[in-house]
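Colleague: No letters, just coordinates:
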């Protein structure tokens, strides 16, 4: 049992990473670029203080997105609608947050609540369609994504955009009481002095809280037990008293609520308003991070940091005449290889388990005959 956990938790992701970097190295060799030199440049640039802060900031929305996807995965639901949910939630949160001022904690709480509610309701539609009309969540969430893209664009341009916007269209600026302060003062306590303009987003605390919440919900609560049981064997869970339709709707509501917070790190830690080029694709990248982390909060956190590192390190590649698309190759190969390696490891562990059970049964039978 311990061997199986070690293989799936440590060996499998390491093998997948090695394969991914090896394939990327071959791609670099094909364009006459030394892969060792390129990787050295990425490592040296990506491990500076400014880069570590930047990659952590980049990892936060990826981690939250992965948590939202993983909640559905645990029940066998494939929620592809995180992308649309967080963009719509960020737009409404930015608009509402700019309407008033309040004590800092209350102001941020209201903004977070709006984001959670919008995200939950949007992804909850997919759950409702599944239980009432039998629409598969993959189809409904894909369609809801496109609806969300169009709806958010319309509302942004025609309703929420500030009339005083400058060259870049944006909503009204959220008052400072609605901002989440940076964690640079905490870094200063440890003797770390970030350069000007490099700020560690305070949303990190909320992201960590969400990770703890996810772990407790999935692994320590009755609801989490019912959710996992429904994902493993839905008929058996139903026979034990679990309402499958209720579980589907509630799971999608929770997944959507977490999805609504994906864009908050950028909204309250950097932009402080919804802008026309608000960051996108966190929802789709979150699926890859969830797969890489095997739906475990620690694994997903490491996966998000890895993706954040590669995105940050890619900036130096352009300056060294190295195609930054190499990062895309690595990310795509990691996702592909990790699925393959995990399947191989899982089958290997299953064979070992069956063999061990057979040996134990044979030994028990010999003891009975000898007696």
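Modeller: Yep, that arrived. Source: prediction; values computed, not measured.

Colleague: residue ranges with poor pLDDT in the stretch 151-300 of the chain?
Modeller: Scanning the stretch 151-300 of the chain for pLDDT under 70 picks out 164-166.

Colleague: for the stretch 1-150 of the chain, same thing?
Modeller: Counting by pLDDT under 70, the stretch 1-150 of the chain shows low-confidence ranges at 1-9.

Colleague: Break down it into its strands, ranges please.
Modeller: Assigned by DSSP state E, counting those that start in this stretch, the stretch 1-150 of the chain shows no strands.

Colleague: pLDDT (mean, whole number) over the longest helix along the chain?
Modeller: Ranked by residue count under DSSP state H, the longest helix found in the chain is helix 325-370. Here helix 325-370 scores 80 as its mean pLDDT.

Colleague: and that helix, what other elements does it pack with?
Modeller: When contacts are defined as 3 or more CB pairs under 8 Å, 6 or more residues apart in numbering; DSSP states H and E, helix 325-370 packs onto helix 2-6, helix 12-30, helix 282-292, helix 297-319. All C-beta atoms are positioned from the backbone trio N, CA, C, and that covers glycine.

Colleague: what comes up buried for the last one?
Modeller: This means helix 297-319. Neighbour-count burial for helix 297-319, with 16 or more other CB atoms under 10 Å as criterion, is recorded at 297, 299-314, 316-317.

Colleague: what angle separates the longest helix of the chain from helix 282-292?
Modeller: Between helix 325-370 and helix 282-292, the angle comes out at 30 degrees (axes from the mean of the first three to the mean of the last three CA atoms, to 10 degrees).

Colleague: Wasn't residue 172 part of a strand?
Modeller: No: applying DSSP: H, G, I helix; E, B strand; the rest coil, one finds residue 172 to be coil, outside a strand.

Colleague: my guess is it meets residue 275, correct?
Modeller: No: applying CB atoms under 8 Å, one finds residue 172 not in contact with residue 275, separated by 11.7 Å.

Colleague: For residue 270, which residues are in contact?
Modeller: 57, 201 (CB atoms under 8 Å, 6 or more residues apart in numbering).

Colleague: mind checking how far it is from residue 173?
Modeller: The spacing between residue 270 and residue 173, counted by CB to CB, to the nearest Å, is 12 Å.

Colleague: ditto for residue 191
Modeller: Noted for residue 191: a distance of 34 Å to residue 173, by CB to CB.

Colleague: the more surrounded of those two?
Modeller: A side-by-side neighbour count of residue 191 and residue 173, using other CB atoms under 10 Å, places residue 173 first with 16 against 6.

Colleague: What sits closest to the more buried one if chain neighbours are left out?
Modeller: residue 273 (5.0 Å; CB to CB, 6 or more residues apart in numbering).

Colleague: same question, residue 33
Modeller: Nearest-residue entry for residue 33: residue 322, 5.7 Å, with adjacent residues in sequence omitted and distances by CB to CB, 6+ apart.

Colleague: Give me the most central residue, this structure.
Modeller: Per CA atoms, centre = their mean, the C-alpha nearest to the average position across the chain is that of residue 66, at 2.2 Å.

Colleague: Surely residue 323 touches residue 317?
Modeller: Yes: when contacts are counted by CB under 8 Å, residue 323 is listed as touching residue 317 (7.0 Å).

Colleague: any idea how far residue 27 is from the closest residue to residue 104 other than its chain neighbours?
Modeller: Once flanking residues are discounted, residue 104 sits nearest to residue 177: 4.7 Å by CB to CB, 6+ apart. Using CB to CB, residue 177 is found at 49 Å from residue 27.

Colleague: again with residue 290
Modeller: Using CB to CB, one gets 26 Å for the distance from residue 290 to residue 27.

Colleague: who's more crowded, those two?
Modeller: More crowded of residue 290 and residue 27, by other CB under 10 Å: residue 290, with 28 against 16.

Colleague: Quick check: the more buried one touching residue 63?
Modeller: No: using CB under 8 Å as the test, residue 290 is too far from residue 63 to be in contact (9.7 Å).

Colleague: Which neighbours do the two have in common?
Modeller: Taking CB under 8 Å, 6+ apart as the criterion, residue 290 and residue 63 both touch residue 300.

Colleague: Grab the nearest non-local neighbour of residue 144.
Modeller: Sequence neighbours aside, residue 81 is the residue nearest to residue 144 in space, at 5.0 Å (criterion: CB to CB, 6+ apart).

Colleague: Residue 155 contacts residue 90, doesn't it?
Modeller: No: contact criterion CB under 8 Å: residue 155 and residue 90 do not qualify, at 11.7 Å.

Colleague: Tell me which of these two has more neighbours.
Modeller: residue 90 (29 against 16).
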